[in-house]
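[1] my questions concern the predicted model and sequence given below.
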Amino acid sequence: MITVQLREDFIKLGQALKASGMAQSGVDAKYAVQDGLVKVNGQVETQRGKKLVSGDVVEFDGETILIK
C-alpha cells in the first residue's frame, strides 16, 4: 500500500495518482480515471477532480493508495 500525505484539507484524484507514482503524468491520470480504471472507496470514480480526504482509499492497476 502506498500512502499519500495531505498537505492541505484534500487532494484531487489526478494529483494523488501522480503523487503516488501510479501515473507518470496528468494525462495518464486523466485517461485512467475517464476509462473507469480507478476506484475510490470501492466505487468506480470517473471524475479526475474528485476531492480526496484523509482516510480515502484509491485502487488502480492492482495497487492501493491510502490518503492520510
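    In hand now; what should we look at?

[2] ok, which stretches of this protein are strands?
    Ranges of strands in the chain, per DSSP state E, are 2-4, 11-12, 38-40, 43-44, 51-52, 57-60, 63-67.

[3] so which of the ones you listed is the most packed in?
    Among the strands of the chain, ranked by average contacts under mean count of other C-beta atoms under 10 Å, first place goes to strand 38-40 (a mean of 20). All C-beta spots, glycine's among them, are computed from the backbone N, C-alpha and C.

[4] which secondary structure elements does that one contact?
    Helices and strands touching strand 38-40, by 3 or more C-beta pairs under 8 Å, 6 or more residues apart in numbering; DSSP states H and E, are helix 13-19, strand 57-60.

[5] now do the contacts for the closest residue to K50 other than its chain neighbours.
    Spatially, and ignoring its direct neighbours in sequence, K50 is nearest to L13 (4.3 Å; C-beta to C-beta, 6 or more residues apart in numbering). Contact analysis of L13 by C-beta atoms under 8 Å, 6 or more residues apart in numbering lists A29, V33, V38, V40, E45, Q47, R48, G49, K50, L52, V58.

[6] which one of the helices and strands packed on strand 38-40 lies closest to R7?
    Smallest distance to R7 across the helices and strands packed on strand 38-40 (C-beta to C-beta): 9.7 Å, for helix 13-19.
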